[in-house]
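In: The amino acid sequence is not available; the structure is as follows:
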Ligand SMILES: [Zn+2]
């Protein structure tokens with residue numbers, strides 16, 4: 001991928017620096033078999049952070065993140081160290097060390113509520129209590145094989161963490177801080193633009209009032225604009241893909257459709273389109289929701305379906321790839337199973353419909369253990385359209401896009417992928433975004449400026 005690109009003399013010089021670092025790390029991996037992309041991200045994150053290649057990628061302007069979910073975007077470390085220290089936070093916490101939920105209000109008598117600051121004070125140390133919280137709010141662990149013996153157990157943990165995070169961050173001021181911090185983490189990682197999949201759970205206030213979906217969207221709108229105003233020289237913007245649960249019936253999807261129409265009218269710049277989310281093997285396949293989904297496509301609402309995020313073949317989750325394409329999806333969320341469906345694959349290639357490849361998420365969620373075996377490696381080799389994205393950066397223990405770019409560069413691109421590969425990934429992320437032509441041009445111009453600064457800065461550092 002990107003091999004037909006012609007680099008400038010300055011870029012060639014940066015490429016030499018990059019490739020000499022890469023060659024050394026590849027040779028070491030080839031010799032010792034100690035190669036981070038072949039091992040679970042959660043056990044090798046520190047090795048990636050020490051990599052020279054990773055350090056270069058971090059400085060690089062990476063364009064856009066097109067596949068990231070709202071409540072898993074911000075690093076759990078920040079949530080624990082910041083939000084859980086706010087004064088009014090309660091937790092419902094059983095004697096068996098089982099954390100049921102956390103709220104900035106005292107919702108009902110369904111369990112005995114205690115103030116988090118009091119529970120923290122009862123622990124031998126705040127650090128110990130914070131580690132306990134971190135374990136519940138993140139999938140990150142030092143021993144993933146022991147904690148997650150199979151995919152269903154892992155997904156149960158994942159859903160528990162997402163639910164707990166959801167309860168914690170839907171307090172309106174907490175959500176504003178969480179969203180702002182998440183954008184900051186991506187912006188600090190040199191990401192210019194984000195398309196965020198949002199479930200839009202209604203926010204609440206301390207006095208017990210719950211905001212409507214429209215009011216919740218207004219809070220989101222204000223927060224993304226506030227962030228943009230504070231970072232105009234570093235950031236381009238944010239759009240939302242409304243992405244409620246796929247574990248629903250046709251009548252509920254009909255309601256999603258009505259809400260989509262309303263939100264698009266109210267926030268035309270902010271709402272990019274529609275998706276439905278959740279574990280594909282447990283939720284409804286697209287074909288079971290056909291009637292309302294066809295209405296959504298017929299109304300001209302752009303759709304960005306999660307499809308084929310599975311290792312199975314010949315079952316509903318992988319066949320979602322075919323239905324997503326037939327429903328006119330603009331991109332395939334994961335599309336991991338597409339290589340098993342050659343006709344669907346040829347169709348997607350012909351129509352220039354890219355996959356949103358999320359290497360770390362696929363590995364942590366147990367689709368593939370060694371990223372050299374990820375199906376996208378062969379897709380890269382044949383020039384299939386794709387972007388690399390994060391899925392759930394904060395909850396998987398990553399921050400920003402650089403970790404996924406590193407995995408893609410080292411494992412999906414192979415030893416010979418060079419600066420042109422990374423440049424192509426960044427350009428693809430802009431090209432395949434939901435923005436209209438004029439806005440894409442504007443974003444591309446901003447990215448090109450940042451890219452030139454990156455090249456100049458790399459040469460300066462190594463002079
Ligand atoms: Zn996803």
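Out: Received the coordinates, thanks. In this text the structure is predicted, and so the values were computed from the model without any measurement.

In: which other helices and strands contact the helix or strand residue 454 falls within?
Out: Using DSSP states H and E, residue 454 falls within helix 437-461. Judged by 3 or more Cβ pairs under 8 Å, 6 or more residues apart in numbering; DSSP states H and E, helix 437-461 is in contact with helix 9-32, helix 52-59, helix 419-431. From N, CA and C alone the C-beta is placed, and that goes for glycine too.

In: ranking those by burial, who's on top?
Out: Highest mean neighbour count of those: helix 419-431, a mean of 22 (counted as mean count of other Cβ atoms under 10 Å).

In: Report the angle between that helix and helix 52-59.
Out: Here helix 419-431 runs at an angle of 30 degrees relative to helix 52-59 (axes from the mean of the first three to the mean of the last three Cα atoms, to 10 degrees).

In: How far does helix 419-431 sit from its chain's centre?
Out: Between the centre of helix 419-431 and the centre of its chain there are 18 Å (Cα atoms, centre = their mean, to the nearest Å).

In: tell me the angle of that helix relative to helix 437-461?
Out: Going by the same axes, to 10 degrees, helix 419-431 makes 150 degrees with helix 437-461.

In: tell me what helix 419-431 is packed against?
Out: Using 3+ Cβ pairs under 8 Å, 6+ apart, helix 419-431 sits against helix 9-32, strand 64-69, strand 386-388, helix 437-461.

In: returning to that earlier point: in the helix holding residue 454, which residues are buried?
Out: With burial defined by 16 or more other Cβ atoms under 10 Å, the residues of helix 437-461 counted as buried are 439-440, 443-444, 446-447, 450-451, 454-455, 458.

In: what residues does it touch?
Out: 8, 10-11, 13-14, 17, 56, 59-61, 63-64, 190, 192-193, 236-237, 423, 426-427, 430-431, 433, 435 (Cβ atoms under 8 Å, 6 or more residues apart in numbering).

In: and if you look at stretch 99-118?
Out: With Cβ under 8 Å, 6+ apart as the test, stretch 99-118 has contacts from 84-94, 132-133, 136, 163-164, 167-168, 171, 174, 204, 206, 208.

In: Count the neighbours of the residue nearest to residue 190 when sequence neighbours are not counted for me.
Out: Counting by Cβ to Cβ, 6 or more residues apart in numbering, residue 61 is the residue found nearest to residue 190 once chain neighbours are left out, at 4.7 Å. By the criterion of other Cβ atoms under 10 Å, residue 61 has 20 neighbours.

In: ditto for the one 10 residues further on
Out: Burial measure for residue 71: 27 neighbouring residues, criterion other Cβ under 10 Å.

In: so which of the helices and strands packed on helix 437-461 gets nearest residue 339?
Out: helix 419-431 (18.7 Å; Cβ to Cβ).

In: and the closest one with helix 9-32, angle?
Out: Using the same axes, to 10 degrees: helix 419-431 against helix 9-32 is 110 degrees.

In: Let's test this: mean pLDDT of helix 419-431, rounded?
Out: Mean pLDDT, computed over helix 419-431, is 98.

In: what about the stretch 51-200 of the chain, any weak spots by pLDDT?
Out: 94-98, 100, 106-110 (pLDDT under 70).

In: In it, what residue spans correspond to strands?
Out: Assigned strands in the stretch 51-200 of the chain, in chain order: 64-69, 90-93, 99-103, 113-115, 193-198 (criterion: DSSP state E, counting those that start in this stretch).

In: and these as CSV, adding distance to residue 221 and mean neighbour count?
Out: Compiled in CSV, the strands of the stretch 51-200 of the chain are given as follows (distance: least, Cβ to Cβ, whole Å; neighbours: other Cβ atoms under 10 Å):
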stretch, distance to residue 221, mean neighbour count
strand 64-69, 18, 27
strand 90-93, 29, 20
strand 99-103, 25, 18
strand 113-115, 32, 15
strand 193-198, 12, 25
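
In: Would you reformat these as JSON lines and include distance to residue 262?
Out: Formatted as JSON lines, the strands of the stretch 51-200 of the chain follow (distance: least, Cβ to Cβ, whole Å):
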{"stretch": "strand 64-69", "distance to residue 262": "22"}
{"stretch": "strand 90-93", "distance to residue 262": "33"}
{"stretch": "strand 99-103", "distance to residue 262": "28"}
{"stretch": "strand 113-115", "distance to residue 262": "35"}
{"stretch": "strand 193-198", "distance to residue 262": "15"}
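
In: right, and those strands - which one's nearest residue 282?
Out: The closest of the strands of the stretch 51-200 of the chain to residue 282 is strand 64-69. By Cβ to Cβ, the value is 16.5 Å.

In: and the direction of the closest one versus that of helix 437-461, what angle?
Out: Going by the same axes, to 10 degrees, strand 64-69 makes 100 degrees with helix 437-461.

In: next one: strand 64-69 to chain centre, how far?
Out: Distance, centroid of strand 64-69 to centroid of chain: 5 Å (Cα atoms, centre = their mean).

In: Now the residue nearest to residue 54 when sequence neighbours are not counted: phi and psi?
Out: Counting by Cβ to Cβ, 6+ apart, residue 406 is the residue found nearest to residue 54 once chain neighbours are left out, at 4.7 Å. Main-chain dihedrals, residue 406, degrees, to the nearest 10: phi -60, psi -50.
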